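[1] After the sequence you'll find the predicted model.
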Amino acid sequence: MADTSPIILWIRRDLRLSDHAALDAAVSTGRPVVPVFVRDGLVDALGAAPKWRLGLGLDYFAQALKDKGSRLILRSGDALEVLQAVIKDTGASAVYWMRAYDPDSVDRDTKIKETLKDQDVAAQSFAGHLMFEPWTVETKAGGFYKVYTPFWNMVKSRDVAAPKSAPSEIAAPDSWPESEALDDWALGAAMQRGADVVRPFVQLGEGAAQARLGAFMGSKVADYDTTRDLPAVDGTSNLSENLALGEISPQQCWHAGLRAREEGKAGAETFLKELVWREFAYHLMWHTPRILSDNWREDWDAFPWNEDERKAEVKAWKQGRTGIRFVDAAMRELYVTGRMHNRGRMIVASYLTKHLMCHWKIGMRWFEDCLIDWDPASNAMGWQWSAGSGPDATPYFRVFNPVTQLDRFDKDRAYVHRWLGEPGAKLSGDAARYFEAIPKSWNMAPDDPYPEPVVAADEGRERALAAYENRDF
């Protein structure tokens, strides 16, 4: 007789209905599907902004499922124990999920898969968070790639499966298991008053992600080569927020980029390369998980970075008051929007690790707490790239000058004025909203005088180069 028992769809960072391999596989069986999200220790360990953004995403996704006649069941606790409990409650004989690649998730998922199979439950994971599974991309010698360009050359011509549409309906079980209430989880508690400030900048859910992709391909991708480096210009796709939670798949973005390239849109290939840069970060995290916690280049272990987050210059960096306008504008953008322009990310990272001689881990942890588009692989690789300790890193002797960078990429100071205000004028707009978002304990006010540089651009560069020259690379 055909199996009619339910399939549990374990939802993680894949909050979409279209191009969702695990959902497609479950629906194709014709059996009832029970979507479940588990708030386990890995969820509780998220920083303030990504946890808040996850809560928003779950609420939106639950409604999307409801529109298909389904539900999102919420449970908290150890993931294995929760799944076993839902199996018992529903009589499910299978659990499907989309793969994750960070070491903590891999360890958890491996244990769960082995245990469920031992209990005669069909446990199956599916690809979809990446276009290229990390273990399938190898050098000619059989190893993994440590440099981006050869990685790009290897995968750029690979076939990427065409995205699939969302199912027209999702079969429901005869009775639904109990669910916890999302509001009771208070996933946004740590955001405090900043949530109301950041919320207008969030583009929530699968529909918004698809609209973003369409708008970018329709009007912005042609000029992407130049506008992507101009922080005052809305020249990027802004899809990192949605990719981070799987509200859109990289495959959907890739095929849209291919179509744009075929249409002769100049920036399309650069966009494809940026998608592969994300893949490269996951490739490295899979093969060398130490990138999340230690210097990828082990010869940097003895470098005398400051690791004390209590130091005044670290506090000034976090609060956007270093006295370096490009740095401070970018840090304030982060606090108001939950994101930061990529050029800004390079500048603030270089300033912290080189001008201030502070460990990249300090910056990585701050971004982990503040970014609504936080991604473990991209965040770690980005910080180590900027610091010089990572794979394919910027050369140690390259120290971004935040003053000349401002002259190059924000000539009319539109970006700086948006986030720091016009010189001598009363703060308004986004520059004023920053002070509505920050903790009151910072004791900062809009009429505070702008500070002198903590470390001047030239001084910091000379100090960094002297430290580099005194160690053996």
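    It's in.

[2] Spell out the residue ranges of the strands in the stretch 301-450 of the chain.
    Here the stretch 301-450 of the chain has no strands by DSSP state E, counting those that start in this stretch.

[3] any low-confidence regions in it?
    393-396 (pLDDT under 70).

[4] let's go with 80 and repeat that
    Along the stretch 301-450 of the chain, segments meeting pLDDT under 80 span 392-398.

[5] Please apply the same query to the stretch 1-150 of the chain.
    Scanning the stretch 1-150 of the chain with the threshold set as pLDDT under 80 gives 1-2.

[6] just the helices in it please.
    21-28, 41-44, 48-67, 79-90, 103-118, 148-155 (DSSP state H, counting those that start in this stretch).

[7] domain parsing for this protein?
    Segmentation of the chain into domains, based on automatic domain parsing, reads 1-128, 130-160+195-287, 298-469.

[8] so which of those comes closest to residue 188?
    domain 1-128 (3.8 Å; C-beta to C-beta). To be clear about C-beta, it is placed using only N, CA and C from the backbone, and glycine gets the same treatment.

[9] which one is residue 403 nearest to, not counting chain neighbours?
    Spatial nearest neighbour of residue 403, excluding adjacent residues (C-beta to C-beta, 6 or more residues apart in numbering): residue 457 at 4.7 Å.

[10] So what's the residue count around the one you found?
    21 (other C-beta atoms under 10 Å).

[11] who does the helix or strand where residue 251 lies touch, helix- and strand-wise?
    Using DSSP states H and E, residue 251 sits within helix 250-262. Helix 250-262 sits against helix 205-215, helix 268-287, with contacts defined as 3 or more C-beta pairs under 8 Å, 6 or more residues apart in numbering; DSSP states H and E.

[12] With distance to residue 180 as extra columns, can I get the domains of the chain in CSV?
    CSV is the format used below for the domains of the chain (distance: least, C-beta to C-beta, whole Å):
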stretch, distance to residue 180
domain 1-128, 5
domain 130-160+195-287, 20
domain 298-469, 23
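
[13] for the chain, longest strand please?
    As assigned by DSSP state E, the longest strand anywhere in the chain is strand 33-39.

[14] in that strand, what counts as buried?
    With burial defined by 16 or more other C-beta atoms under 10 Å, the residues of strand 33-39 counted as buried are 33-39.

[15] So what touches that strand?
    6-12, 23, 26-27, 58, 65, 70-77, 79, 82-83, 86, 90, 92, 170-173, 176-177, 180, 185 (C-beta atoms under 8 Å, 6 or more residues apart in numbering).

[16] Could you tell me the end-to-end distance of stretch 221-229?
    13 Å (C-alpha to C-alpha, to the nearest Å).

[17] for stretch 30-46, same thing?
    End residues of stretch 30-46 are separated by 35 Å (C-alpha to C-alpha).

[18] repeat for stretch 441-459
    With C-alpha to C-alpha, one end of stretch 441-459 sits 31 Å from the other.

[19] so which of the domains of the chain comes closest to residue 189?
    Judged by C-beta to C-beta, the one of the domains of the chain that comes nearest to residue 189 is domain 1-128, at 8.3 Å.

[20] Show me how far the closest one is from its chain's centre.
    20 Å (C-alpha atoms, centre = their mean, to the nearest Å).

[21] What segments of the stretch 351-473 of the chain are helices?
    Using DSSP H, counting those that start in this stretch, helices in the stretch 351-473 of the chain cover 360-370, 376-387, 402-409, 414-420, 429-437, 457-469.

[22] so can I have TSV of the ones you listed showing distance to residue 107?
    Formatted as TSV, the helices of the stretch 351-473 of the chain follow (distance: least, C-beta to C-beta, whole Å):
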stretch	distance to residue 107
helix 360-370	19
helix 376-387	14
helix 402-409	40
helix 414-420	40
helix 429-437	36
helix 457-469	36
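
[23] Tell me which of the ones you listed is the most buried.
    Of those, the one with the most neighbours on average (mean count of other C-beta atoms under 10 Å) is helix 376-387, at a mean of 24.

[24] residues in contact with that one?
    Residues contacting helix 376-387 (C-beta under 8 Å, 6+ apart): 101-102, 240, 278, 280-282, 284-285, 291-292, 295-296, 300, 345-346, 349-350, 353-354, 360-361, 363-364, 367-368, 371, 390-394.

[25] Now with 7 Å, please.
    102, 278, 281-282, 284-285, 291-292, 296, 345-346, 349-350, 353, 360, 363-364, 367-368, 390, 392-394 (C-beta atoms under 7 Å, 6 or more residues apart in numbering).

[26] ok, now stretch 398-407?
    324-327, 346-347, 350-351, 354, 416, 457, 461, 464-465.

[27] and of the residues you listed, the nearest to residue 46?
    Taking those together and measuring to residue 46 by C-beta to C-beta, the closest member is residue 346, at 24.4 Å.

[28] Could you find the closest non-adjacent residue to the closest one?
    Nearest to residue 346 is residue 386, by C-beta to C-beta, 6+ apart, at 5.9 Å.

[29] before we move on, back to that, can I get the buried residues of strand 33-39 in a markdown table including distance to residue 196?
    Shown next, in a markdown table, are these (distance: C-beta to C-beta, whole Å):
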| residue | distance to residue 196 |
| --- | --- |
| 33 | 36 |
| 34 | 34 |
| 35 | 29 |
| 36 | 30 |
| 37 | 25 |
| 38 | 28 |
| 39 | 23 |
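
[30] which among those residues gets closest to residue 245?
    Nearest member of the buried residues of strand 33-39 to residue 245, counting by C-beta to C-beta, is residue 37, at 11.6 Å.

[31] Quick check: beta-bridge partners of that closest one?
    When bridges are called by DSSP bridges, residue 37 pairs up with residue 11, residue 74.

[32] just to revisit the earlier point, just so I know, which of the helices of the stretch 1-150 of the chain lies nearest residue 201?
    Per C-beta to C-beta, nearest to residue 201 of the helices of the stretch 1-150 of the chain: helix 48-67, 10.7 Å.

[33] So what touches the closest one?
    Under C-beta under 7 Å, 6+ apart, the answer for helix 48-67 is 15, 17, 35, 37, 46, 71-72, 182, 185, 187-188, 190-191, 195, 202, 204-206, 245, 247, 338, 369-372, 374.
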